[in-house]
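> Below is the sequence, then the predicted model.
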Amino acid sequence: MEPKTEQAPKRKRRPSPLLIVLIVCAVLIVPGLISPLTVRRYSIQSPKIASPVRIAVISDLHSCKYGDGQQELLQAIDSQQPDLVMLCGDIFDDERPDDNTEAFLAGISGKYPVYYVTGNHEYWAGAAVFAQKMDILSRYDITRLAGTSETITVGSTTLTIAGVDDPDTEVVDARHGFPEELAEVRPDGQTFTVLLSHRPERFAEYVDSGFDLALCGHAHGGQWRIPGILNGLYAPDQGLFPQYAGGRYEQDGTVMIVSRGLARESTSAPRIYNPPELVIVELGGTQG
Ligand SMILES: [Fe+2]
């Protein structure tokens, strides 16, 4: 008889905890990296609005590319048929070439009334480069608001569109102080007044001034989001867990809409659950 040999029972291999963590992270994060251009809508009612007004808000493009000749972005805007287009800063970038921004400006020029305010990145390259960017802006007949305002009529609604430079304007021109420009465009309380300003963290000043609506950018949605749990991890000039990363905020009769912007390949960290967005603001009266 052959002697019996006992074999040790086969042990099942368990996946390592590290592998499990990596798989869970990949399953949770990878869908959040897929971030096509999104249209995000807000509606605002006021007795000062006599007939509906639709505003397209573009912020923080940073000269990123949205298709050949910016067709993806331009078609998204055209499909919304806005009455006005508002550019809320950092449409240019201090390090990237202006070609994508210029293609975008060429695409909207003459189609819509377009208003623009500066962002911090437009100043960071210094006075000479800043002047070149402003030359491009005027080439396409875009109205820059810098402590200035215009009163316009859309349908039966009279609107005042006001705008202030980014506070970093002092990098190239110390004469344009942010509080001083804000004081220059303080609303009269009669006409619905929209403020274009790059910076959402200055919300308290917009409330104190009595603007009906402020349109801002700069925060890039806080770059990383967990929908329903975390509205942004980090934003410039607000730090970690920013209060005004993106969305709608309201205090004492002033509404602030913060666009999460269009910066994409210009940033070193990817956007997570934070798709680039075209913001559409619908203004309506209080009576349906
Ligand atoms: Fe910015």
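Structure received.

> Skipping adjacent residues, who's closest to the closest residue to the ion within the stretch 151-288 of the chain in space?
Distances between the stretch 151-288 of the chain and the ion by CB to the ion are smallest at His218, namely 3.8 Å. From N, CA and C alone the C-beta is placed, and that goes for glycine too. Spatial nearest neighbour of His218, chain neighbours left out: His198 (5.0 Å); criterion: CB to CB, 6 or more residues apart in numbering.

> In the protein, mark out all the strands, start to finish.
Counting by DSSP state E, the chain has strands at residues 38-45, 53-58, 84-87, 114-116, 143-144, 148-154, 157-163, 192-196, 213-216, 234-235, 239-240, 247-251, 254-258, 277-284.

> Might one say that Asp93 is in contact with Ser63?
Yes. Assessed by CB atoms under 8 Å, Asp93 is found in contact with Ser63 at 4.6 Å.

> what do those two both touch?
Counting by CB atoms under 8 Å, 6 or more residues apart in numbering, the shared contacts of Asp93 and Ser63 are 101, 266.

> For the stretch 51-200 of the chain, give me the ranges with low pLDDT.
174-176 (pLDDT under 70).

> Close to the ion: what parts of it are there?
Counting by CB under 5 Å from the ion, the stretch 51-200 of the chain comes close to the ion at 90, 119-120.

> Which parts of the stretch 51-200 of the chain are helices?
Remark: helices assigned in the stretch 51-200 of the chain by DSSP state H, counting those that start in this stretch are 71-80, 99-108, 120-124, 127-139, 178-184.

> Contacts only, for Gln70.
Gln70 neighbours (CB under 8 Å, 6+ apart): 100, 103-104, 107.

> if we go to 6 Å?
Shown in contact with Gln70 (CB atoms under 6 Å, 6 or more residues apart in numbering): 103-104, 107.

> before we move on, back to that, any chance of TSV for the helices of the stretch 51-200 of the chain, columns mean neighbour count?
Shown next, in TSV, are the helices of the stretch 51-200 of the chain (neighbours: other CB atoms under 10 Å):
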stretch	mean neighbour count
helix 71-80	16
helix 99-108	20
helix 120-124	23
helix 127-139	14
helix 178-184	16
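
> number of nearby residues for the residue of the stretch 151-288 of the chain closest to the ion?
29 (other CB atoms under 10 Å).

> how far out from the middle of the chain is stretch 13-32?
Relative to its chain's centre, stretch 13-32 lies at 32 Å (CA atoms, centre = their mean, to the nearest Å).

> just the CA coordinates of that stretch, formatted as CSV?
Taking C-alpha atoms only, stretch 13-32 is exported to CSV below (Å, rounded to 0.1, in the frame of the first residue of the first chain):
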residue,chain,number,x,y,z
ARG,A,13,-6.6,34.2,-1.7
ARG,A,14,-8.2,37.3,-0.4
PRO,A,15,-7.8,40.6,-2.3
SER,A,16,-5.6,43.0,-0.4
PRO,A,17,-7.4,45.9,1.4
LEU,A,18,-5.4,48.3,-0.7
LEU,A,19,-6.7,46.8,-3.9
ILE,A,20,-10.2,47.0,-2.6
VAL,A,21,-9.8,50.7,-1.7
LEU,A,22,-8.3,51.4,-5.2
ILE,A,23,-11.2,49.7,-6.9
VAL,A,24,-13.8,51.5,-4.8
CYS,A,25,-12.1,54.9,-5.5
ALA,A,26,-11.9,54.1,-9.2
VAL,A,27,-15.6,53.2,-9.4
LEU,A,28,-16.6,56.4,-7.5
ILE,A,29,-14.2,58.9,-9.1
VAL,A,30,-14.0,57.8,-12.8
PRO,A,31,-17.6,58.7,-13.6
GLY,A,32,-17.0,62.1,-12.1
